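Chemist: Prediction below, plus the sequence it came from.
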Amino acid sequence: MVDSGSRLRKLIPRLLIITVVIVVLTAFYLAGGTRWLNLKQLLEQLDTLRFLVHRHYIAALFTAAAAYTLMAALSIPGGTVMSLLIGFLFGRWVGGAVIVVSATLGAGSIFLMVRYLIGDAVRRRLERKPQAARLLHGFEHDAFNYLLFVRLVPLFPFWLVNLVSAFTAMRMRQFIFGTFIGIMPACFIYANVGEQLGNIQSVHGLISPGLIAAMVLLGFLALLPVGARWWRTTHPDEV
């Protein structure tokens, strides 16, 4: 009976969190929240939004930050459009800072939530599979550099990195710091592009191939310490 009651006390908070997430997501979609994340619809409201920001700058700033944090925490698609909008409304520097901080807070929230809800259970299952176990071990051995790599390279979905990281034994401060540093270049790039949002007709082609290549290069540079450590380990006589 005691054991059953203990399990129930552990289960109730998890059920409450899941319920809140489902309710918020359902309300968002039923209220038509996705239309605000559509670039075409957004372009039609730019003048109105800019007027509201001019009249209520601080309130608008905190509202934008809270909305972006919530989107990141619940993995709601539309981060690119939201980043452009924030860049348009608040400029490249203030807007970029808002995006970086909000995205980091949102990522940290889902990291903790997933780890608390299912992290241990999923990790135990992965550790039973040799390939997955090696991947987890490799990621955790150089957690910061691996995380920095996948954040810098714009080929890995933001939400996916949040989920996978929660299944590892990575420390929270490593995740937060790696995320903050890793997403900074892309966040300021989108905020900079967002300043010209009135002249943009499509999200396609916003980021040039050269820019993507530069960010991929930054990602591989983040892996240099990992490669150097591997070389010293496998070739001790040559160091």
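Modeler: Perfect, thanks for sending it.

Chemist: show me where the chain has strands.
Modeler: In the chain, no strands are defined using DSSP state E.

Chemist: Spell out the residue ranges of the helices in it.
Modeler: Counting by DSSP state H, the segments of the chain that form helices are 2-30, 39-43, 46-55, 57-73, 79-90, 92-114, 120-127, 130-141, 143-152, 158-166, 172-194, 209-222, 224-234.

Chemist: looking at those helices, which is buried most?
Modeler: For these, the largest average neighbour count (mean count of other Cβ atoms under 10 Å) is found in helix 79-90, namely a mean of 24. Quick note: C-beta positions are derived from backbone N, CA and C, even for glycine.

Chemist: Show me the shaky parts of the chain.
Modeler: When residues are selected by pLDDT under 70, those of the chain lie in 1-8, 36, 126-127, 129, 131-140, 154-155, 198-239.

Chemist: quick one, domains of it?
Modeler: According to automatic domain parsing, the chain is divided into the following domains: 1-31, 37-238.

Chemist: Stretch 48-64 spans what distance, first to last residue?
Modeler: Using Cα to Cα, to the nearest Å, one end of stretch 48-64 lies 15 Å from the other.

Chemist: how far does that stretch sit from the chain's center?
Modeler: 24 Å (Cα atoms, centre = their mean, to the nearest Å).

Chemist: Touching that stretch from outside, list them.
Modeler: Leu85, Ile86, Phe88, Leu89, Phe90, Val94, Val98, Ser102 (Cβ atoms under 8 Å, 6 or more residues apart in numbering).

Chemist: For Val24, state which of the residues you listed is nearest.
Modeler: Ser102 (16.4 Å; Cβ to Cβ).

Chemist: give the contact list for the closest one.
Modeler: Ala64, Ala65, Ala66, Tyr68, Thr69, Ala72 are the contacts of Ser102 under Cβ under 8 Å, 6+ apart.

Chemist: how much space between the first one and Pro77?
Modeler: For Ala64, the distance to Pro77 (Cβ to Cβ, to the nearest Å) stands at 17 Å.

Chemist: The third one too?
Modeler: Shown here: Ala66 relative to Pro77, a distance of 18 Å by Cβ to Cβ.

Chemist: Check the second one too.
Modeler: As defined by Cβ to Cβ, Ala65 lies at a distance of 19 Å from Pro77.

Chemist: Then Tyr116?
Modeler: Counting by Cβ to Cβ, the gap from Tyr116 to Pro77 is 24 Å.

Chemist: if we can go back for a sec, spatially, which two of the contacts of stretch 48-64 are the most separated?
Modeler: The widest separation within the contacts of stretch 48-64 (Cβ to Cβ) is 15.6 Å, between Phe88 and Ser102.

Chemist: Now render the contacts of Ser102 as CSV, adding distance to Cys187.
Modeler: Formatted as CSV, the contacts of Ser102 follow (distance: Cβ to Cβ, whole Å):
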residue, distance to Cys187
Ala64, 13
Ala65, 13
Ala66, 17
Tyr68, 10
Thr69, 13
Ala72, 11
